[in-house]
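In: build me a structure from this.
(one chain, ligands or ions: 1)
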Amino acid sequence: MSEIEKRVLGKSGIEVTKIGLGLWAIGGDAWGEVDDRESLDLIDAALDMGINFYDTADVYGEGHSEVLLGRAMKNRRDQFIVATKIGWREFDEAKQTSQYDTVEKLIAGVESNLDRLQTDYVDLIQCHIDFRDPNMEIFVEGFQKLQEQGKVRSYGVSTSDFEYLKAFNADNMTAALQIDYSILNRTPEKDIFPYTIKNDLGVLVRGPLAMGILTGKFTKDSRFEEGDFRQRWHENEDEYRVFLNDLEKVEQLKALTDGRSLAQLAIQFTLQHPAVTLAIPGAKRVSQLEENVQAALLPPLTAEEFALIDSLTPPGGGRKIWPA
Ligand SMILES: NC(=O)c1ccc[n+]([C@@H]2O[C@H](COP(=O)([O-])OP(=O)(O)OC[C@H]3O[C@@H](n4cnc5c(N)ncnc54)[C@H](OP(=O)(O)O)[C@@H]3O)[C@@H](O)[C@H]2O)c1
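Out: The predicted structure follows:
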């Protein structure tokens with residue numbers, strides 16, 4: 001396989017492959033059944049394909065995703081760029097605030113990420129809370145202390161809220177933004193991407209496949225297994241309507257799949273925006289991963305192909321996808 005292009009992740013200076021691997025599904029709590037042995041094989045396969053970037057969080061499978069990544073990294077930590085997140089554990093719904101109300105608690109929290117990952121440092125720690133909560137300053141200060149201590153190499157934030165992003169990055173020390181972006185959700189193109197370019201924030205794209213919709217494998221009759229949060233697309237009338245609307249767009253996108261799959265087209269689309277550093281599609285099986293990684297090696301989309309995409313979802317348009 002040809003080598004996957006590497007790009008610098010914003011102010012971190014860290015070189016990352018332009019395709020990474022999202023590890024939410026292997027936590028086992030939200031995307032239907034997964035098998036740990038298969039998940040470890042998936043990470044081995046990603047490494048063999050040359051992928052160096054892995055995204056996880058303290059809450060995926062209540063830490064199980066981090067534990068598995070830790071196991072996979074044993075005796076070869078240097079081959080991995082690790083991004084993880086903190087914020088949602090024991091979130092106080094009533095007060096809408098995180099449990100991390102002192103810098104010491106935040107630092108102890110990140111130390112527990114490190115314990116699960118069985119490592120001394122992470123390459124990118126991200127604030128997982130996607131709206132302004134009263135503890136935002138604690139996250140920023142805590143992350144900067146952890147950087148001084150060598151426990152994190154860089155820090156970032158995961159949000160689609162432009163005002164929050166600007167507040168989080170008030171001192172312009174944030175290295176990266178994680179954001180939902182896809183053919184169905186082009187909203188970041190409006191204000192957020194011009195801002196990240198101007199302020200040198202790397203951008204990690206999550207949701208490039210819109211949780212599988214943009215692979216073209218679903219129909220209006222598709223059903224999701226127990227424990228798969230995508231069941232909500234059928235349970236809620238509004239969400240079902242949006243799902244059907246998405247499926248109509250997907251049908252039209254199939255005109256662009258000459259020589260590539262729809263999943264590859266969808267990932268390529270995200271990688272072509274100049275603000276984007278890398279995409280982190282999730283995968284549950286090696287076959288999905290193989291297909292997704294090829295997107296990094298295909299020739300870019302043409303202006304004509306973009307014109308059809310623009311006619312379906314105009315630049316800056318589309319819909320935010322939960323959790324956005
Ligand atoms: N910061 C946040 O709040 C946040 C939120 C969401 C996600 N994330 C991160 O982003 C990563 C990606 O998650 P996402 O929600 O953005 O999902 P996505 O990448 O849009 O879709 C991933 C899912 O699509 C299916 N899939 C992947 N490749 C496929 C292929 N080639 N053919 C057919 N199906 C395929 C798989 O599920 P099935 O096989 O079950 O369909 C896979 O789990 C997560 O793992 C996580 O690291 C972060």
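In: quick one: contacts of stretch 126-137?
Out: 57-59, 83-88, 91, 96-98, 100-101, 106, 139, 143, 155-161, 163-164, 167-168, 176, 178, 323-324 (CB atoms under 8 Å, 6 or more residues apart in numbering). Backbone N, C-alpha and C define where each C-beta goes, glycine included.
In: tell me the buried residues within these.
Out: Neighbour counting with 16 or more other CB atoms under 10 Å marks 57-59, 83-87, 91, 98, 100, 106, 139, 143, 155-161, 164, 168, 176, 178 as buried within these.
In: among those residues, which are in strands?
Out: 83, 84, 85, 86, 155, 156, 157, 158, 176, 178 (DSSP state E).
In: who does the third one bridge with?
Out: Beta bridges link residue 85 to residue 126, judged by DSSP bridges.
In: how about the fifth one?
Out: Beta-bridge pairing of residue 155, defined through DSSP bridges, involves residue 125.
In: and the ones in strands among the buried ones among the contacts of stretch 126-137 as a markdown table, adding pLDDT and distance to residue 310?
Out: Formatted as a markdown table, those follow (pLDDT from 0 to 100; distance: CB to CB, whole Å):
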| residue | pLDDT | distance to residue 310 |
| --- | --- | --- |
| 83 | 98 | 31 |
| 84 | 98 | 35 |
| 85 | 98 | 32 |
| 86 | 98 | 37 |
| 155 | 98 | 34 |
| 156 | 98 | 29 |
| 157 | 98 | 29 |
| 158 | 97 | 27 |
| 176 | 98 | 27 |
| 178 | 98 | 25 |
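In: quick check, nearest of those to residue 51?
Out: Nearest to residue 51 among those: residue 83, at 12.6 Å, using CB to CB.
In: that closest one against residue 56, yeah?
Out: Yes: with contact defined as CB atoms under 8 Å, residue 83 reaches residue 56; the gap is 7.3 Å.
In: low-confidence ranges in the protein?
Out: 1, 322-324 (pLDDT under 70).
In: near the ligand, which residues of the stretch 1-150 of the chain are found?
Out: When proximity is defined as CB under 6 Å from any ligand atom, the stretch 1-150 of the chain approaches the ligand at 22, 23, 24, 25, 31, 32, 55, 128.
In: who's in contact with residue 216?
Out: Applying CB under 8 Å, 6+ apart, the residues contacting residue 216 are 250, 253, 254, 257, 261, 262, 263.
In: run the last query once more with 10 Å
Out: Residues near residue 216 by CB atoms under 10 Å, 6 or more residues apart in numbering: 209, 247, 250, 251, 253, 254, 257, 261, 262, 263, 265, 266.
In: what about the second one, how many neighbours?
Out: When counting by other CB atoms under 10 Å, one arrives at 15 neighbours for residue 247.
In: against residue 164, how distant is the nearest residue to residue 167 once chain neighbours are set aside?
Out: Counting by CB to CB, 6 or more residues apart in numbering, residue 132 is the residue found nearest to residue 167 once chain neighbours are left out, at 6.0 Å. Noted for residue 132: a distance of 5 Å to residue 164, by CB to CB, to the nearest Å.
In: OK, now which residue of the protein is nearest to the ligand?
Out: residue 22 (2.4 Å; CB to the nearest ligand atom).
In: straight-line length of stretch 154-173, end to end?
Out: With CA to CA, to the nearest Å as the measure, stretch 154-173 spans 9 Å from end to end.
In: so what does residue 152 have for phi and psi?
Out: Here is the backbone geometry of residue 152 (degrees, to the nearest 10): phi -130, psi 140.
In: contact residues of the stretch 201-324 of the chain facing the ligand?
Out: Residues of the stretch 201-324 of the chain lying near the ligand (CB under 6 Å from any ligand atom): 206-212, 215, 217, 263, 280-284, 288, 291-292, 323.
In: in helices, which of these appear?
Out: 263, 288, 291, 292 (DSSP state H).
In: considering those residues, which possesses the most neighbours?
Out: Neighbour max across those (other CB under 10 Å) = residue 292, 27 neighbours.
In: so how far is residue 91 from it?
Out: Residue 292 is 31 Å from residue 91, by CB to CB.
In: just the C-alpha atoms of the lengthiest helix in the chain, please, in CSV.
Out: In the chain, taking DSSP H as the definition, the longest helix is helix 237-253. Taking Å, rounded to 0.1, in the frame of the first residue of the first chain, the C-alpha atoms of helix 237-253 are listed here in CSV:
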residue,chain,number,x,y,z
GLU,A,237,-40.5,11.1,14.4
ASP,A,238,-38.4,14.2,13.6
GLU,A,239,-35.2,12.2,13.5
TYR,A,240,-36.8,9.6,11.2
ARG,A,241,-37.8,12.4,8.8
VAL,A,242,-34.3,13.7,8.8
PHE,A,243,-33.0,10.2,8.2
LEU,A,244,-35.3,9.7,5.2
ASN,A,245,-34.1,13.1,3.8
ASP,A,246,-30.5,12.0,4.2
LEU,A,247,-31.2,8.8,2.4
GLU,A,248,-32.6,10.7,-0.6
LYS,A,249,-29.4,12.7,-0.8
VAL,A,250,-27.3,9.5,-0.6
GLU,A,251,-29.2,8.1,-3.6
GLN,A,252,-28.2,11.1,-5.6
LEU,A,253,-24.6,10.9,-4.5
